[in-house]
Each structure stands twice: as structure tokens, then as C-alpha cells.
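1. okay, predicted coordinates and the sequence, questions at the end:
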Amino acid sequence: MIAKGQFDINLSPQNDEISAGRMLIDKTYTGDFTGTGSGQMISKRTSSGTAVYYAIEEVTGQLNGKTGAFTLVHSGAMDKTSQSLTVTILAGSGEGELSNISGSLEIIQENGDHSYVLNYTL
């Protein structure tokens, strides 16, 4: 199954004493999934321009009429010639009417706006 929509995101940088940066994630989802996401991201950008980030996001809301929660795991990397991003639903993390959810999330950024395509099974 597929769910589509938009999200707003607020990233709050944290003051850590290491070279990798940590941010708190606060999202509001609209569309086929309506709800919120919160979590933490750790990222690193090198002087050569390569970068990496990992995040864990706890998502709660309603997906096509079913209420529940699940965890998204983000993994992204980029260098001067390529970039990759994988966002998957953590196996076994579903709760409520989404208890058997599995799948992945595609994040689309265009003109400063964020949208998503959630490919999932229940």
C-alpha cells in the first residue's frame, strides 16, 4: 500500500562536545498519514564535503483510518558525486492498529517543501 502527503520539520541543534552534530527532530505529517514524528539525528559533514546522518524517529498518528505508532530508522550519506537516503520502518515497532506495519518512507524535497511516499504493508 502507498500513503502520500507532506510534512513540516523543525530541527533543534544540541550543544554536544563532539565533532558530530546532534539535532532533535519535530515533525507534523499531513495527507494519507496525519500525525507527529519526534526523534534524534546525528550528523557529520567533513571539510571535503562528504556527509552522513542517522536518525531514529518515533511516529504517532493515523494512517488511512488506522491509529497507532511505529519507529522510522533514517540512514543517509552524500559525497561530491552521489547521495543516498534510506528510511525504513523498524521491524516489530508497530503499535495499536499499526502493530504489523512494515515498509519504507521516501522523502522528497522540492522548492523548500517536504513530502513523503510511505510504502507499507499491514
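-> Yep, it's here. Numbers count the residues shown, from 1 in each chain.
2. so who does the closest residue to Ile101 other than its chain neighbours touch?
-> Excluding the flanking residues, the one nearest Ile101 by Cβ to Cβ, 6 or more residues apart in numbering is Gly94, at 4.0 Å. (C-beta placed from N, C-alpha, C; glycine too.) Contacts of Gly94 were listed using Cβ atoms under 8 Å, 6 or more residues apart in numbering, and they are 68-70, 100-102.
3. same question for Thr71.
-> By Cβ under 8 Å, 6+ apart, the neighbours of Thr71 are 56-59, 89-90, 93.
4. how about the secondary structure of Leu98?
-> Recorded secondary structure, Leu98: coil (DSSP: H, G, I helix; E, B strand; the rest coil).
5. wouldn't it be in contact with Gln62 here?
-> No: taking contacts as Cβ atoms under 8 Å, Leu98 lies outside contact range of Gln62: 9.2 Å.
6. all helices for this structure, in order.
-> Counting by DSSP state H, the chain forms no helices at all.
7. what are the phi and psi values at the residue nearest to Ile101?
-> Main-chain torsions, Gly94, degrees, to the nearest 10: phi -70, psi 150.
8. any idea how far it is from Lys66?
-> 10 Å (Cβ to Cβ, to the nearest Å).
9. what do you get for Thr36?
-> Taken as Cβ to Cβ, the span from Thr36 to Lys66 is 16 Å.
10. please identify the buried residues of stretch 42-52?
-> With burial defined by 16 or more other Cβ atoms under 10 Å, the residues of stretch 42-52 counted as buried are 42-43, 52.
11. let me fix that: stretch 73-84
-> 73-74, 76.
12. that stretch: how far from the chain's middle?
-> 14 Å (Cα atoms, centre = their mean, to the nearest Å).
13. just to revisit the earlier point, who wins on neighbours among the contacts of Gly94?
-> Ranked by neighbour count (other Cβ atoms under 10 Å), the contacts of Gly94 have Ile101 at the top, with 26 neighbours.
14. so that residue touches Thr121, yeah?
-> Yes: between Ile101 and Thr121 there is a contact under Cβ under 8 Å: 7.3 Å.
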